[in-house]
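# Sharing a model prediction with you, sequence too.
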Amino acid sequence: MKILQILRAPVGGLFRHVSDLTMGLHAEGHEVGVVVDLLSKDAQTDEKLAILSPYAKLGIHEMAIPRLLGPADFATPFKIRGLVRSLDIDIVHGHGAKGGFHARLGALGLPASAFYTPHGGALHFSSKSPAGFVFHTLEKLLVPASKKIIFESAYAQRTYNDAITQVGPRGIVIHNGLDEAEFTAVPSDDSFDFVFVGELRDLKGVAYLLDAFAALCKESNEPLRLLLIGDGPHRAQFEEQAKSLKIADQVVFAGAMPAQYGFERARTVIVPSLKESLPYIVMEAVAAGKQVIATNVGGISEIYGPCADELIPAEDSGALHMKMREALAQPMTDGPPNPKLFEHVHSEFVNSRMVRSIADQYRQAK
(Lines give C-alpha, C1' and ligand atoms only; values in the text may rest on other atoms or scores of the structure.)
Protein backbone atom coordinates (compact mmCIF):
# COMPACT_ATOMS: atom_id res chain seq x y z
CA MET A 1 0.00 0.00 0.00
CA LYS A 2 0.92 3.64 -0.45
CA ILE A 3 0.25 5.52 2.79
CA LEU A 4 0.42 9.21 3.69
CA GLN A 5 0.80 10.13 7.38
CA ILE A 6 -0.15 13.71 8.33
CA LEU A 7 0.60 15.53 11.58
CA ARG A 8 1.19 19.11 12.62
CA ALA A 9 4.08 19.36 15.06
CA PRO A 10 6.90 16.80 14.57
CA VAL A 11 7.69 16.75 18.30
CA GLY A 12 6.81 14.68 21.37
CA GLY A 13 4.86 11.46 21.68
CA LEU A 14 2.64 12.06 18.66
CA PHE A 15 5.68 12.31 16.40
CA ARG A 16 7.16 9.22 18.04
CA HIS A 17 3.94 7.33 17.20
CA VAL A 18 4.04 8.44 13.56
CA SER A 19 7.76 7.57 13.33
CA ASP A 20 7.24 4.10 14.81
CA LEU A 21 4.29 3.49 12.51
CA THR A 22 6.21 4.71 9.44
CA MET A 23 9.21 2.49 10.20
CA GLY A 24 7.01 -0.51 10.94
CA LEU A 25 4.97 -0.10 7.75
CA HIS A 26 8.20 0.28 5.76
CA ALA A 27 9.45 -3.01 7.25
CA GLU A 28 6.24 -4.68 6.05
CA GLY A 29 6.93 -3.51 2.50
CA HIS A 30 4.58 -0.53 2.30
CA GLU A 31 5.53 2.88 0.89
CA VAL A 32 4.99 5.79 3.27
CA GLY A 33 5.06 9.56 2.98
CA VAL A 34 4.86 12.05 5.87
CA VAL A 35 3.43 15.58 5.95
CA VAL A 36 4.50 17.91 8.80
CA ASP A 37 4.16 21.58 9.65
CA LEU A 38 6.81 23.99 8.39
CA LEU A 39 7.31 25.83 11.67
CA SER A 40 6.40 23.57 14.62
CA LYS A 41 9.84 22.23 15.48
CA ASP A 42 12.13 21.93 18.47
CA ALA A 43 15.89 21.46 18.76
CA GLN A 44 15.65 17.73 17.95
CA THR A 45 13.19 17.87 15.04
CA ASP A 46 15.57 18.13 12.07
CA GLU A 47 17.70 15.28 13.38
CA LYS A 48 14.63 13.10 13.94
CA LEU A 49 13.27 13.87 10.47
CA ALA A 50 16.64 12.95 8.98
CA ILE A 51 16.53 9.60 10.81
CA LEU A 52 12.96 8.99 9.59
CA SER A 53 13.66 9.98 5.99
CA PRO A 54 15.01 6.60 4.72
CA TYR A 55 11.79 4.91 5.87
CA ALA A 56 9.54 7.52 4.24
CA LYS A 57 10.03 6.44 0.64
CA LEU A 58 7.29 8.78 -0.56
CA GLY A 59 9.07 11.74 1.02
CA ILE A 60 8.73 14.08 3.98
CA HIS A 61 6.67 17.08 2.91
CA GLU A 62 6.61 20.32 4.91
CA MET A 63 3.50 22.50 4.66
CA ALA A 64 1.92 25.28 6.68
CA ILE A 65 -0.30 23.71 9.36
CA PRO A 66 -0.95 26.30 12.11
CA ARG A 67 -2.01 25.14 15.58
CA LEU A 68 -5.18 27.23 15.46
CA LEU A 69 -7.28 27.83 12.38
CA GLY A 70 -5.69 30.27 9.95
CA PRO A 71 -5.49 31.18 6.26
CA ALA A 72 -3.12 28.27 5.56
CA ASP A 73 -5.89 25.83 6.47
CA PHE A 74 -7.71 26.77 3.28
CA ALA A 75 -4.69 26.09 1.06
CA THR A 76 -3.07 23.05 2.70
CA PRO A 77 -5.91 20.56 1.99
CA PHE A 78 -5.56 21.32 -1.72
CA LYS A 79 -1.81 20.69 -1.53
CA ILE A 80 -2.48 17.39 0.21
CA ARG A 81 -5.04 16.45 -2.45
CA GLY A 82 -2.33 17.09 -5.02
CA LEU A 83 0.03 14.76 -3.15
CA VAL A 84 -2.62 12.07 -2.85
CA ARG A 85 -3.21 12.19 -6.60
CA SER A 86 0.41 12.45 -7.72
CA LEU A 87 1.65 9.70 -5.38
CA ASP A 88 -1.40 7.46 -6.04
CA ILE A 89 -2.03 7.17 -2.28
CA ASP A 90 -4.24 4.36 -0.92
CA ILE A 91 -4.47 5.48 2.74
CA VAL A 92 -4.34 8.98 4.26
CA HIS A 93 -3.91 8.88 8.06
CA GLY A 94 -4.17 12.12 10.04
CA HIS A 95 -2.79 12.43 13.58
CA GLY A 96 -3.93 15.06 16.09
CA ALA A 97 -6.75 17.56 15.51
CA LYS A 98 -5.07 19.46 12.66
CA GLY A 99 -3.54 16.38 11.06
CA GLY A 100 -6.96 14.73 11.07
CA PHE A 101 -8.61 17.84 9.66
CA HIS A 102 -6.24 18.03 6.70
CA ALA A 103 -6.13 14.28 6.09
CA ARG A 104 -9.88 13.94 5.77
CA LEU A 105 -10.36 17.08 3.68
CA GLY A 106 -7.39 16.08 1.54
CA ALA A 107 -8.88 12.65 0.77
CA LEU A 108 -12.50 13.77 0.41
CA GLY A 109 -13.99 12.51 -2.86
CA LEU A 110 -10.79 10.68 -3.85
CA PRO A 111 -10.23 6.89 -3.96
CA ALA A 112 -7.92 7.03 -0.91
CA SER A 113 -9.38 5.99 2.46
CA ALA A 114 -9.05 8.48 5.33
CA PHE A 115 -8.06 7.39 8.85
CA TYR A 116 -7.79 9.57 11.96
CA THR A 117 -6.10 9.24 15.36
CA PRO A 118 -7.01 12.12 17.72
CA HIS A 119 -4.04 11.78 20.18
CA GLY A 120 -5.94 14.01 22.60
CA GLY A 121 -6.01 16.82 20.04
CA ALA A 122 -9.43 18.47 20.01
CA LEU A 123 -10.25 16.82 23.34
CA HIS A 124 -7.84 19.25 25.04
CA PHE A 125 -9.99 22.20 23.97
CA SER A 126 -13.00 23.13 26.09
CA SER A 127 -16.21 23.21 24.05
CA LYS A 128 -17.01 26.47 25.89
CA SER A 129 -14.03 28.28 24.33
CA PRO A 130 -14.28 29.75 20.81
CA ALA A 131 -11.44 27.53 19.54
CA GLY A 132 -12.94 24.46 21.24
CA PHE A 133 -16.37 25.14 19.73
CA VAL A 134 -14.86 25.39 16.23
CA PHE A 135 -12.71 22.26 16.60
CA HIS A 136 -15.51 20.17 18.10
CA THR A 137 -17.90 21.27 15.35
CA LEU A 138 -15.36 20.37 12.67
CA GLU A 139 -14.76 17.00 14.35
CA LYS A 140 -18.47 16.16 14.20
CA LEU A 141 -18.71 17.19 10.55
CA LEU A 142 -15.66 15.11 9.55
CA VAL A 143 -16.59 11.83 11.30
CA PRO A 144 -18.49 10.57 8.19
CA ALA A 145 -15.35 11.22 6.12
CA SER A 146 -13.36 8.84 8.36
CA LYS A 147 -13.01 5.21 7.34
CA LYS A 148 -11.82 4.48 10.88
CA ILE A 149 -11.01 6.57 13.93
CA ILE A 150 -8.18 4.79 15.74
CA PHE A 151 -7.97 5.72 19.41
CA GLU A 152 -4.70 5.04 21.23
CA SER A 153 -6.56 4.47 24.51
CA ALA A 154 -10.00 3.39 25.69
CA TYR A 155 -10.08 6.64 27.64
CA ALA A 156 -9.70 8.66 24.41
CA GLN A 157 -12.52 6.71 22.78
CA ARG A 158 -14.88 7.25 25.73
CA THR A 159 -14.04 10.94 25.96
CA TYR A 160 -14.49 11.51 22.23
CA ASN A 161 -17.86 9.75 22.27
CA ASP A 162 -19.01 11.79 25.28
CA ALA A 163 -17.55 15.20 24.46
CA ILE A 164 -17.83 15.34 20.68
CA THR A 165 -20.00 12.67 19.09
CA GLN A 166 -20.66 8.94 19.07
CA VAL A 167 -18.52 7.34 16.36
CA GLY A 168 -20.00 3.85 16.60
CA PRO A 169 -18.26 1.06 14.67
CA ARG A 170 -15.90 3.56 13.06
CA GLY A 171 -14.04 3.74 16.38
CA ILE A 172 -11.39 1.21 17.41
CA VAL A 173 -8.76 1.17 20.18
CA ILE A 174 -5.17 0.23 19.31
CA HIS A 175 -2.62 0.94 22.05
CA ASN A 176 0.76 2.49 21.29
CA GLY A 177 3.76 0.30 22.02
CA LEU A 178 7.52 0.11 22.52
CA ASP A 179 10.23 -1.87 20.75
CA GLU A 180 11.57 -4.91 22.57
CA ALA A 181 15.01 -3.29 22.81
CA GLU A 182 13.54 -0.53 24.99
CA PHE A 183 12.73 -2.97 27.78
CA THR A 184 16.25 -2.67 29.13
CA ALA A 185 17.31 -1.12 32.43
CA VAL A 186 19.00 2.27 32.07
CA PRO A 187 21.44 2.87 34.98
CA SER A 188 21.40 6.35 36.52
CA ASP A 189 24.37 8.33 37.79
CA ASP A 190 22.00 9.92 40.37
CA SER A 191 23.16 13.42 39.52
CA PHE A 192 19.49 14.37 39.93
CA ASP A 193 16.84 13.09 42.30
CA PHE A 194 13.93 13.52 39.88
CA VAL A 195 13.44 14.09 36.17
CA PHE A 196 10.51 15.40 34.14
CA VAL A 197 10.40 14.81 30.37
CA GLY A 198 7.77 16.58 28.31
CA GLU A 199 6.50 19.81 26.80
CA LEU A 200 6.73 22.82 29.11
CA ARG A 201 3.08 23.85 29.08
CA ASP A 202 0.36 24.12 31.71
CA LEU A 203 -1.33 20.83 30.75
CA LYS A 204 1.76 18.88 31.78
CA GLY A 205 1.41 19.90 35.45
CA VAL A 206 4.88 21.39 35.80
CA ALA A 207 3.62 24.11 38.16
CA TYR A 208 2.42 21.46 40.63
CA LEU A 209 5.73 19.62 40.31
CA LEU A 210 7.70 22.76 41.19
CA ASP A 211 5.46 23.41 44.20
CA ALA A 212 5.88 19.83 45.44
CA PHE A 213 9.64 19.91 44.89
CA ALA A 214 9.95 23.20 46.79
CA ALA A 215 8.09 21.70 49.77
CA LEU A 216 10.38 18.66 49.67
CA CYS A 217 13.49 20.83 49.57
CA LYS A 218 12.38 22.73 52.69
CA GLU A 219 12.15 19.55 54.76
CA SER A 220 15.24 17.79 53.39
CA ASN A 221 18.60 17.85 55.13
CA GLU A 222 20.32 17.10 51.82
CA PRO A 223 20.32 19.35 48.73
CA LEU A 224 17.90 17.95 46.13
CA ARG A 225 17.98 18.41 42.36
CA LEU A 226 15.26 18.34 39.69
CA LEU A 227 15.92 18.03 35.96
CA LEU A 228 13.32 19.33 33.49
CA ILE A 229 13.79 18.07 29.93
CA GLY A 230 11.72 19.72 27.22
CA ASP A 231 10.68 23.07 25.89
CA GLY A 232 7.41 24.81 25.29
CA PRO A 233 5.31 27.96 25.47
CA HIS A 234 5.34 28.24 29.28
CA ARG A 235 9.03 27.69 29.96
CA ALA A 236 9.64 31.30 31.07
CA GLN A 237 6.64 31.09 33.39
CA PHE A 238 8.06 27.98 35.09
CA GLU A 239 11.53 29.49 35.34
CA GLU A 240 10.00 32.49 37.14
CA GLN A 241 8.08 30.14 39.43
CA ALA A 242 11.29 28.32 40.37
CA LYS A 243 12.89 31.67 41.24
CA SER A 244 9.93 32.78 43.35
CA LEU A 245 10.00 29.44 45.23
CA LYS A 246 13.75 29.94 45.82
CA ILE A 247 14.64 26.62 44.15
CA ALA A 248 16.15 28.00 40.94
CA ASP A 249 19.62 26.72 41.93
CA GLN A 250 18.22 23.20 42.35
CA VAL A 251 16.17 23.03 39.15
CA VAL A 252 17.82 22.63 35.75
CA PHE A 253 15.89 23.49 32.58
CA ALA A 254 17.81 21.39 30.03
CA GLY A 255 15.69 22.11 26.95
CA ALA A 256 14.64 19.53 24.37
CA MET A 257 16.72 16.37 24.71
CA PRO A 258 16.10 12.62 24.40
CA ALA A 259 14.32 10.96 27.33
CA GLN A 260 17.31 8.65 27.62
CA TYR A 261 19.39 11.61 28.78
CA GLY A 262 17.07 12.05 31.74
CA PHE A 263 16.89 8.33 32.51
CA GLU A 264 20.68 8.27 32.80
CA ARG A 265 20.62 11.02 35.43
CA ALA A 266 17.75 10.16 37.77
CA ARG A 267 16.09 7.04 39.09
CA THR A 268 12.65 8.64 39.47
CA VAL A 269 10.63 10.00 36.56
CA ILE A 270 7.68 12.27 37.31
CA VAL A 271 4.66 12.64 35.01
CA PRO A 272 2.39 15.20 36.77
CA SER A 273 0.06 15.78 33.79
CA LEU A 274 -3.37 17.38 34.08
CA LYS A 275 -4.53 15.84 30.79
CA GLU A 276 -3.13 13.03 28.65
CA SER A 277 -4.22 10.34 26.24
CA LEU A 278 -1.61 7.56 26.36
CA PRO A 279 1.78 9.17 27.08
CA TYR A 280 4.84 7.37 25.75
CA ILE A 281 7.02 8.76 28.53
CA VAL A 282 5.23 6.61 31.13
CA MET A 283 5.80 3.44 29.10
CA GLU A 284 9.38 4.40 28.28
CA ALA A 285 10.25 5.12 31.91
CA VAL A 286 8.75 1.83 33.13
CA ALA A 287 10.59 -0.09 30.39
CA ALA A 288 13.86 1.63 31.38
CA GLY A 289 13.49 0.33 34.96
CA LYS A 290 12.73 3.75 36.44
CA GLN A 291 10.57 4.50 39.44
CA VAL A 292 7.60 6.42 38.02
CA ILE A 293 5.28 8.87 39.76
CA ALA A 294 2.27 9.67 37.58
CA THR A 295 -1.17 11.24 37.83
CA ASN A 296 -4.40 9.37 37.21
CA VAL A 297 -5.43 11.13 34.00
CA GLY A 298 -6.33 9.94 30.52
CA GLY A 299 -5.12 6.49 29.58
CA ILE A 300 -2.31 6.32 32.17
CA SER A 301 -4.43 3.90 34.22
CA GLU A 302 -4.48 1.60 31.16
CA ILE A 303 -0.69 1.62 31.13
CA TYR A 304 -0.60 0.87 34.86
CA GLY A 305 -3.23 -1.87 34.64
CA PRO A 306 -3.10 -3.91 37.88
CA CYS A 307 -1.07 -1.11 39.53
CA ALA A 308 -3.48 1.73 38.74
CA ASP A 309 -4.17 2.32 42.44
CA GLU A 310 -0.61 3.71 42.71
CA LEU A 311 -1.51 6.74 40.58
CA ILE A 312 -2.12 10.09 42.27
CA PRO A 313 -4.73 12.80 41.61
CA ALA A 314 -3.87 15.57 39.17
CA GLU A 315 -3.56 19.18 40.35
CA ASP A 316 -2.54 18.00 43.83
CA SER A 317 0.94 19.19 44.79
CA GLY A 318 0.45 17.72 48.27
CA ALA A 319 -0.09 14.17 46.95
CA LEU A 320 2.83 14.65 44.58
CA HIS A 321 5.01 15.86 47.44
CA MET A 322 4.21 12.72 49.48
CA LYS A 323 4.99 10.39 46.56
CA MET A 324 8.30 12.16 45.90
CA ARG A 325 9.22 11.81 49.58
CA GLU A 326 8.41 8.08 49.42
CA ALA A 327 10.54 7.74 46.28
CA LEU A 328 13.57 9.22 48.02
CA ALA A 329 13.21 6.61 50.78
CA GLN A 330 13.00 3.65 48.39
CA PRO A 331 16.10 1.41 48.43
CA MET A 332 17.91 0.61 45.18
CA THR A 333 16.94 -2.67 43.50
CA ASP A 334 18.68 -4.86 40.94
CA GLY A 335 15.53 -5.32 38.85
CA PRO A 336 12.56 -3.07 38.03
CA PRO A 337 11.34 -1.16 41.12
CA ASN A 338 7.80 -2.32 40.29
CA PRO A 339 8.01 -5.80 38.68
CA LYS A 340 4.22 -6.16 38.26
CA LEU A 341 3.99 -2.85 36.38
CA PHE A 342 7.02 -3.72 34.25
CA GLU A 343 5.52 -7.07 33.23
CA HIS A 344 2.16 -5.50 32.40
CA VAL A 345 3.71 -2.89 30.10
CA HIS A 346 6.03 -5.49 28.57
CA SER A 347 3.15 -7.79 27.67
CA GLU A 348 0.50 -5.27 26.61
CA PHE A 349 2.29 -2.34 24.93
CA VAL A 350 4.29 -3.75 22.04
CA ASN A 351 5.17 -1.73 18.94
CA SER A 352 5.01 -4.67 16.51
CA ARG A 353 1.44 -5.42 17.62
CA MET A 354 0.44 -1.77 17.13
CA VAL A 355 1.85 -1.62 13.59
CA ARG A 356 0.31 -4.97 12.62
CA SER A 357 -3.12 -3.98 13.97
CA ILE A 358 -3.15 -0.61 12.17
CA ALA A 359 -1.93 -2.19 8.91
CA ASP A 360 -4.76 -4.72 9.17
CA GLN A 361 -7.26 -1.85 9.39
CA TYR A 362 -5.69 -0.25 6.32
CA ARG A 363 -5.97 -3.50 4.35
CA GLN A 364 -9.63 -3.93 5.27
CA ALA A 365 -10.32 -0.44 3.92
CA LYS A 366 -8.95 -1.18 0.44
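Sure thing, it's come through. Numbering: from 1, shown residues only.

# Give me the pLDDT value at residue 276.
For residue 276, the pLDDT comes out at 89.

# Any idea how many residues pack against it?
27 (other C-beta atoms under 10 Å). Quick note: C-beta positions are derived from backbone N, CA and C, even for glycine.

# does it count as helix, strand or coil?
coil (DSSP: H, G, I helix; E, B strand; the rest coil).

# pretty sure it is touching residue 297, no?
Yes. Counting by C-beta atoms under 8 Å, residue 276 touches residue 297, with 5.2 Å between them.

# helix/strand/coil for residue 314?
coil.

# Can you give me the buried ones in stretch 345-356?
Residues of stretch 345-356 classed as buried under the neighbour-count rule (16 or more other C-beta atoms under 10 Å) are 345-346, 349-351, 354-355.

# can you give me the end-to-end distance of it?
Separation of the first and last residues of stretch 345-356 by C-alpha to C-alpha, to the nearest Å is 18 Å.

# Could I get the average pLDDT for it?
On average, stretch 345-356 scores 95.

# Stretch 91-110 too?
Stretch 91-110 carries an average pLDDT of 94.

# picking up where we left off before, which one of the buried residues of stretch 345-356 is nearest residue 164?
Nearest to residue 164 out of the buried residues of stretch 345-356 is residue 354 (C-beta to C-beta; 23.7 Å).

# Now do the phi/psi pair for residue 181.
Phi and psi for residue 181, reported as degrees, to the nearest 10, are phi -60, psi -20.

# Could you pull out the buried residues of stretch 58-76?
Neighbour counts over stretch 58-76 (16+ other C-beta under 10 Å) mark 58, 60-61, 63, 65-66, 72-73, 76 as buried.

# From those residues, pick the one nearest residue 116.
Once C-beta to C-beta is applied, the member of these that ends up nearest residue 116 is residue 65, at 14.8 Å.

# Give the helix, strand or coil label for the closest one.
Going by three-state DSSP: residue 65 is coil.

# if I look at it, how far off is residue 23?
22 Å (C-beta to C-beta, to the nearest Å).

# and the longest strand anywhere in the chain, what other elements does it pack with?
The single longest strand within the chain, with elements called by DSSP state E, is strand 31-37. The contact analysis (3 or more C-beta pairs under 8 Å, 6 or more residues apart in numbering; DSSP states H and E) places strand 31-37 against strand 2-6, helix 12-27, strand 60-63, helix 72-86, helix 96-107.

# As a markdown table, those with distance to residue 359 would be great.
Below are the helices and strands packed on strand 31-37 laid out as a markdown table (distance: least, C-beta to C-beta, whole Å):
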| stretch | distance to residue 359 |
| --- | --- |
| strand 2-6 | 9 |
| helix 12-27 | 6 |
| strand 60-63 | 20 |
| helix 72-86 | 19 |
| helix 96-107 | 17 |
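
# what's in contact with stretch 351-366?
Contact with stretch 351-366 is made by 1, 3, 20-21, 24-25, 27-28, 30, 90-91, 93, 113, 115, 147-148, 150, 172, 174-179, as judged by C-beta atoms under 8 Å, 6 or more residues apart in numbering.

# Just the buried ones among these, please.
1, 3, 20-21, 24-25, 30, 90-91, 93, 113, 115, 147-148, 150, 174-178.

# quick one: stretch 269-279 to chain centroid distance?
How far stretch 269-279 lies from its chain's middle: 9 Å, per C-alpha atoms, centre = their mean, to the nearest Å.

# got the end-to-end distance for that stretch?
One end of stretch 269-279 sits 13 Å from the other (C-alpha to C-alpha).

# Isn't residue 277 up against residue 97?
No. Residue 277 is not in contact with residue 97 according to C-beta under 8 Å; the separation is 11.9 Å.

# Spit out the residues that contact those two alike.
residue 118.

# lowest-pLDDT helix or strand in this protein?
Least confident helix or strand, the chain: helix 130-142 with a mean of 82, by mean pLDDT, DSSP states H and E.

# Can you list the buried residues in that helix?
Neighbour counts over helix 130-142 (16+ other C-beta under 10 Å) mark 132, 135-136, 138-139, 142 as buried.

# how far does it sit from the chain's center?
21 Å.
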